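S.K.: Have a look; sequence and predicted model below, questions after that.
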Amino acid sequence: MKKRYTSILLLLVAFYATAQDIVRPDTVKHVPIQDTVNPNQGNIKQQVKDIKQEKIILHSDSATGEPHKNVVLVDTTVQNKYGDLLRDDTAYNKRYSIFVPFLEGIGDNAILSLVDSKIFKYGWAQVGMTSWSRNLKAGPPWGPGWDWDQTRFGNDFLGHPIFGNFYYNDARANGYNFWQSAPYALIGSYEWKIFGENITPERNSLIATTIDGIVLGEILYRISSNILDDRTYGAERTFREILATLVDPMRGFNRLIQGKTARHTNKEVYQKEPLNITLYGGVHKINDHTNAILSGQTSEIVNVLFDYGNPFEVRSRVPFDFFKLRVETDLGVGRKIIDNVTSYGVLFAKNSQAGKMSLLEGGFLYYDYWDKPIFELSTVGLGYGVLSKIPLGSKSFLYTNLHLAGVPFAGSSPGALTDTSQYRDFNFGYGAEGKVETSLVLGNVATIGASYYYFMIHAINDVGYDEPKYGSLGNNYINILEPKVTFTLIKNLSIGAEYYLFSQIHTDGEYYTVTAHTEQEVFLQFYFEDPQRKGHFSL
């Protein structure tokens, strides 16, 4: 027990040894006075709690989605309609020199190289002047000096984006915005391909690390902003700092060296949007080759869905002030634990109203990842999306989303595969995608919804080690349908079921294959709705 208390004490000392009570005057105009704490006027924790409760009363959506009758108007050039900042307060989040994130990216790569070469002793990680000189002469990534790698699917389309998010957040955590941070993901990835490996640099790694890393990095940065609150003290502050660091490690590292972990402000200084979180866990039935319902193995699932921002708030839009992220896990069958990541974020958009229908339409950036026992598919997309909301009653709504996008880069298996391959059993390609999502919210009783995805992927002329030599190229035409229903048990606890249908037609000259796959899930669902944003927006 003493060891436990000692560990907690040391942790608190580490955070607060250099603590400073910084009480600065407001530097952002039009921020309501109720969002300012005063250390000389009572318990800070209670003040923050009272401020949040006041904001809920003054700025919440009502059940119909209309403003509260006592709503306080805000300057929408500075705040959203919930009274939250539209951007980080630059007085407390200054932009550091461009060399800081650049050097941090070099540090990321140096640490990874040491781990790979000295601890894991990978052959490809034994680098030096010879490999550096050769890779520097490889030329541009689209030229003959670069290659397509032969590593397995999860490494290419999940591992690389995770590390790309580190490069991106080296800049984001140093005061740079979305567009300014994006190049650092490319720079860090390029450095690694040239200096971190002694093999021919691989263009697919550069693409996935950069683009998917940007998507994941911005999402994690914004989620961590919703966790952080520099007005808080004590155990709550410590918990927030630890949790935000787990979500966005590079931001946590930068907060530590910048002194922000021990800084106390008198107001909120981070951009935030309403965030609804859905957690669900249950059993997952992966059907056998007959695709008969409940015919295959049973495993466990723990999934999470983040809905960030209000897409139907009339306002000016910046990248990712609205996004969706869904992560699904499979804990019982095979080695593919994270088997689905679906996400998209707005880049630019415009809100409008057509009668009772609320609309958002504009440009979106997409990242999708399926690593299933029988097929693999990952895409990065850039295209057009339109979201609609129609109120059907005081607490009932119909949500519909439509997305059409080009796919400049993808990975797709040409047919049924196994769960044991350690090499590439898919092809790289490009194409197009379409998505339709709909959800009928029947008050606090039930939700009926469905998602449909269509992909057309044309393979690039390169075959993986674990693919047949003939018939692996050509085109993949992929359909994924996911109907879902939930019934409320008590308050935010529901029971639900989801059916999953995958079908693919692969053509390559005279070769023609059809693949089909089905699954079912039964789960308990916990829905944590931001008290300021009502309407059960959860697709």
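M.R.: Everything's here; your move. The structure displayed is predicted, hence computed values, not measured ones.

S.K.: shaky segments in the stretch 151-300 of the chain?
M.R.: Under the criterion of pLDDT under 70, none of the stretch 151-300 of the chain is flagged as low confidence.

S.K.: where exactly do the strands run in it?
M.R.: 263-264, 275-286, 297-308 (DSSP state E, counting those that start in this stretch).

S.K.: who does the shortest one pair up with?
M.R.: On the basis of DSSP bridges, the sheet neighbours of strand 263-264 come out as strand 20-21 (parallel).

S.K.: Any idea how many residues pack against F157?
M.R.: As a burial measure, F157 scores 27 neighbours (other Cβ atoms under 10 Å). Heads up, the C-betas are built off the backbone N, CA and C, glycines and all.

S.K.: Who are the contact partners of it?
M.R.: Going by Cβ atoms under 8 Å, 6 or more residues apart in numbering, F157 touches A208, D212, Y369, D371, S378, G411.

S.K.: next one: A171
M.R.: Counted by Cβ under 8 Å, 6+ apart, A171 has contacts P101, Q180, S181, Y184.

S.K.: Need the max-distance pair from those residues.
M.R.: Greatest spacing in the contacts of A171, by Cβ to Cβ: P101 and Q180 (9.4 Å).

S.K.: Which one's more surrounded, the two?
M.R.: P101 (28 against 15).

S.K.: Give me the phi and psi angles of the more buried one.
M.R.: P101 adopts backbone torsions of phi -60, psi -30, taken as degrees, to the nearest 10.

S.K.: From here on, call the first residue 40.
M.R.: Okay, residue one is now 40; in that scheme the one you just asked about reads as P140.

S.K.: In this structure S152 contacts V166, no?
M.R.: Yes. Using Cβ atoms under 8 Å, S152 is in contact with V166, at 6.8 Å.

S.K.: what touches both of those two?
M.R.: In contact with both S152 and V166: F234, G235, using Cβ under 8 Å, 6+ apart.

S.K.: Secondary structure class of G146, three-state.
M.R.: helix (DSSP: H, G, I helix; E, B strand; the rest coil).

S.K.: so how many other residues sit close to it?
M.R.: G146 has 12 neighbouring residues, counting by other Cβ under 10 Å.

S.K.: Also D547?
M.R.: Neighbour count of D547, defined by other Cβ under 10 Å: 17.

S.K.: Likewise for G198?
M.R.: If we define neighbours as other Cβ under 10 Å, then G198 has 16 of them.

S.K.: Distance of it relative to A212?
M.R.: 21 Å (Cβ to Cβ, to the nearest Å).

S.K.: Now the terminal residues of stretch 176-186, how far apart.
M.R.: 14 Å (Cα to Cα, to the nearest Å).

S.K.: ok, now stretch 188-198?
M.R.: Span of stretch 188-198 from end to end, Cα to Cα: 14 Å.

S.K.: What's opposite the residue nearest to Y504 when sequence neighbours are not counted in the beta bridge?
M.R.: Closest residue to Y504 apart from its sequence neighbours, by Cβ to Cβ, 6 or more residues apart in numbering: Y462 at 4.1 Å. Using DSSP bridges, the beta-bridge partners of Y462 come out as T190.

S.K.: shouldn't Y462 be in contact with D188?
M.R.: No. Y462 lies out of contact with D188 (Cβ under 8 Å); the separation is 9.6 Å.

S.K.: neighbour count winner among these two?
M.R.: Using other Cβ under 10 Å as the criterion, Y462 and D188 rank with D188 on top: 20 against 13.

S.K.: what about that one, is that helix, strand or coil?
M.R.: coil.

S.K.: Apart from its chain neighbours, what residue comes closest to it?
M.R.: E241 (4.0 Å).

S.K.: dump the residue contacts of that neighbour.
M.R.: W185, D186, W187, D188, K232.

S.K.: any idea what E400 is structurally, helix, strand or coil?
M.R.: What three-state DSSP gives for E400 is strand.

S.K.: Enumerate every residue touching it.
M.R.: E400 touches A388, K389, S391, Y423, G424, V425, L426, counting by Cβ under 8 Å, 6+ apart.

S.K.: looking at it, T284 is touching K299, isn't it?
M.R.: No. Assessed by Cβ under 8 Å, T284 is found out of contact with K299, at 11.4 Å.

S.K.: picking up where we left off before, relative to D195, how far out is the residue nearest to Y504?
M.R.: Distance from Y462 to D195, by Cβ to Cβ: 11 Å.

S.K.: before we move on, what about G184?
M.R.: Distance from G184 to D195, by Cβ to Cβ: 20 Å.

S.K.: the more surrounded of those two?
M.R.: Using other Cβ under 10 Å, the more surrounded residue of G184 and D195 is D195, with 26 against 16.
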